[in-house]
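Participant: Next comes the sequence, and after it the predicted model I'd like to discuss.
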Amino acid sequence: MNTRLVFKSLGFILVFIGVAMVFPLVVSLYYGEGDAGAILIGITSCLVGGLLLALAFRRARGDFKNRDAFLLVTLTWVAAAAMGAIPFCVSGYFGTYLDAFFEMMSGFTNTGATVLPVIEKVPHGLVFWRSFAQWLGGVGIIVLYIAILPFLGTGGMQLFRAESPGPTVDKLKPRIAETAKLLWGIYVGLTLLEITLLKIGGMNLFDATCNSFSCMATGGFSPRTASIAYYNSAYIDGVITFFMLVASINFSLHYQALRGKPIAYARNAEFRWYVGIYVLSCAIIMWNTRHIYHTMGQSLRYVSFQVASIYSTTGFATYDFAKWPAASQFILLLLMLLGGSACSTAGGLKVVRLGILLKVAHREIVKLIHPNAVVTIKIDGNPVQTDVLDSILGFFSFYIMIVILSTLAMNLVGLDIVSALSSVAACMGTIGPGLGAVGPTAHYAGIPALGKVVLSFC
């Protein structure tokens, strides 16, 4: 393992994070709410720590292997949360450093679970930082780093595979650095478009920017305690619903659509499954909640938004879905575990993995009936390689094992079983709000310290 290269790269990433904190510093200075000093300490810590690492291992050379890539990705999320938490901790708006660390781990990993009971009491600079951290974590700090790897003399294919979600990575360009730049270009463009549309709908620029950062990252941090319900606008709900769905669809499909090939969406099996599950979930919940909403339009507005929010793993809320019938809540819990598409900013197991797992189950049933049958598992007409099948089965098993063990741990620290399971599912799937004690109108501040540690590493 090339640990020297890993720590050198980690140093550069910390420098990136320090530079990124300049943006919330500017916001803080503009509003003049006294949090600029705390942010400046965070910037200094990141720059000094990052430069020391980069200089200490400056002679490191070579390419990333699988183990190196996964180690760097893991260290990046931990280091980003640890250093990103400094402004929150120094400012005094969090009771403990653990709370600040939990908030930033939730931010950079696009989880959206918060320990802040009233967000409006926090200065604008810090609120901007928590949303901006989600936006950076959306496509991935690592993917941004890959975009400049050629200038550092390091290869990045293994790193890209380690960071990009899903069982496969579609190469949009022959060169991996060009692919990373392309992904970020689409990401930035969609973010700017959403900011513009929200501004047209009457949302102020600060809120539009923060909500767009969180939405495109499928993160869920809102500058308002009541989340998107605060704005009480069908137009804003519609815009955010659309972009939550867009952000949770494979970005390679967006690229092909921008190149004049929108038919790529219809030809993609995962996209068809994704849309089918979304429409079916909305239809069932609308029928199940027909006694709650007075009109079909009202039902469509709130249900389509909340299903998109949970399914895309964003976690915004316009209604307290804890008031929905148990069947509807159970569907949301399943969607928490499922998540969005591969190569998107969504979390969860991913739709394509579920599709492949179902095909594997179908194959085994066929072989039980016809032992000599040869059944090839295909996606979009292409055979799925055995090593990919093995990795998906392994990932699924490991995912479920972590959910079970973490749920047990959360139950042991004092949460009821519904709150324990949903909090783990919400953090594993990077949704944020769950059910019970961590529902859409609640927060994670009351979770015991040990529970916050467990959820931070979920």
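Facilitator: Perfect, I can see it now. Numbers count the residues shown, from 1 in each chain.

Participant: which intervals of this protein have sub-threshold pLDDT?
Facilitator: 140-177 (pLDDT under 70).

Participant: If you count residues, where's the longest helix of it?
Facilitator: helix 386-412 (DSSP state H).

Participant: tell me what that one is packed against?
Facilitator: Judged by 3 or more Cβ pairs under 8 Å, 6 or more residues apart in numbering; DSSP states H and E, helix 386-412 is in contact with helix 351-369, helix 417-428, helix 449-456. Every residue, glycine included, has its C-beta placed from N, CA and C.

Participant: just the strands in the stretch 251-400 of the chain please.
Facilitator: 378-379, 382-383 (DSSP state E, counting those that start in this stretch).

Participant: Dump those to a markdown table, plus distance to residue 415.
Facilitator: Below are the strands of the stretch 251-400 of the chain laid out as a markdown table (distance: least, Cβ to Cβ, whole Å):
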| stretch | distance to residue 415 |
| --- | --- |
| strand 378-379 | 38 |
| strand 382-383 | 44 |
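
Participant: Show me the one of these that comes nearest residue 441.
Facilitator: strand 378-379 (39.7 Å; Cβ to Cβ).

Participant: So which elements touch that closest one?
Facilitator: Packed next to strand 378-379, using 3+ Cβ pairs under 8 Å, 6+ apart, are helix 351-369.

Participant: my read: residue 206 touches residue 124, true?
Facilitator: Yes - under the contact definition of Cβ atoms under 8 Å, residue 206 touches residue 124, with a separation of 6.4 Å.

Participant: which neighbours do the two share?
Facilitator: Between them, residue 206 and residue 124 share these contacting residues under Cβ atoms under 8 Å, 6 or more residues apart in numbering: residue 27.

Participant: so what's residue 128 up against?
Facilitator: 23, 24, 27, 28, 206, 209, 210.

Participant: Single out the most deeply packed of the strands of the stretch 251-400 of the chain.
Facilitator: With neighbours defined as mean count of other Cβ atoms under 10 Å, the strands of the stretch 251-400 of the chain peak in mean count at strand 378-379, which reaches a mean of 14.

Participant: Now find how far off-centre that one is within its chain.
Facilitator: The chain centre lies 26 Å from the centre of strand 378-379; the measure is Cα atoms, centre = their mean, to the nearest Å.

Participant: returning to that earlier point: go through the longest helix of the chain and flag the buried ones.
Facilitator: Within helix 386-412, the residues scored as buried using 16 or more other Cβ atoms under 10 Å are 389, 392, 396, 399, 403, 406, 407, 409, 410, 411.

Participant: between those residues, which is nearest residue 230?
Facilitator: Closest approach to residue 230 among those (Cβ to Cβ): residue 410, at 29.1 Å.

Participant: Nearest spatial neighbour of that closest one, chain-adjacent residues omitted?
Facilitator: The spatially closest residue to residue 410, leaving aside those adjacent along the chain, is residue 420, at 3.8 Å (Cβ to Cβ, 6 or more residues apart in numbering).

Participant: Please look at that neighbour and residue 414 and confirm they touch.
Facilitator: No - with contact defined as Cβ under 8 Å, residue 420 does not count as touching residue 414 (9.0 Å).

Participant: When these two are compared, which one has more neighbours?
Facilitator: residue 420 (25 against 14; other Cβ atoms under 10 Å).

Participant: Helices of the stretch 151-300 of the chain, start to end?
Facilitator: Secondary structure of the stretch 151-300 of the chain (DSSP state H, counting those that start in this stretch): helices at 157-163, 176-200, 205-216, 234-247, 251-258, 263-267, 269-288, 296-311.

Participant: Give me the distance between the fourth one and the centre of its chain.
Facilitator: Which is helix 234-247. Computed by Cα atoms, centre = their mean, the separation of helix 234-247 from the middle of its chain amounts to 16 Å.

Participant: before we move on, what about stretch 282-289?
Facilitator: On Cα atoms, centre = their mean, the centre of stretch 282-289 falls 26 Å from that of its chain.

Participant: Could you do stretch 291-311 as well?
Facilitator: Using Cα atoms, centre = their mean, the offset of stretch 291-311 from its chain centre is 23 Å.

Participant: next one: stretch 301-312
Facilitator: Counting by Cα atoms, centre = their mean, stretch 301-312 comes out at 16 Å from the chain centroid.

Participant: Which strand or helix spans the most centrally placed residue in the chain?
Facilitator: Centroid-nearest residue in the chain, with Cα atoms, centre = their mean: residue 110, separated by 3.5 Å. Of the helices and strands defined by DSSP states H and E, none includes residue 110.

Participant: For it, which non-adjacent residue is spatially closest?
Facilitator: Nearest to residue 110 is residue 219, by Cβ to Cβ, 6+ apart, at 4.1 Å.

Participant: neighbours of the one you found, just the number please.
Facilitator: Neighbours of residue 219 (other Cβ under 10 Å): 33.

Participant: Over to residue 179?
Facilitator: 25.

Participant: Over to residue 335?
Facilitator: Residue 335: 25 neighbours (other Cβ under 10 Å).

Participant: on that earlier part again, most tightly packed of the helices and strands packed on helix 386-412?
Facilitator: helix 417-428 (a mean of 24).

Participant: The nearest residue to residue 53 once chain neighbours are set aside: which element?
Facilitator: If the residues on either side of it in the chain are set aside, residue 53 comes closest to residue 11, at 3.0 Å by Cβ to Cβ, 6+ apart. Using DSSP H and E, residue 11 sits within helix 3-20.

Participant: separation between the residue of the chain positioned farthest from its centre and residue 386?
Facilitator: The C-alpha centroid of the chain is most remote from residue 372, which lies 43.1 Å away (Cα atoms, centre = their mean). Residue 372 sits 19 Å away from residue 386, going by Cβ to Cβ, to the nearest Å.

Participant: just residue 324 next, same as before
Facilitator: Residue 324 is 42 Å from residue 386, by Cβ to Cβ.
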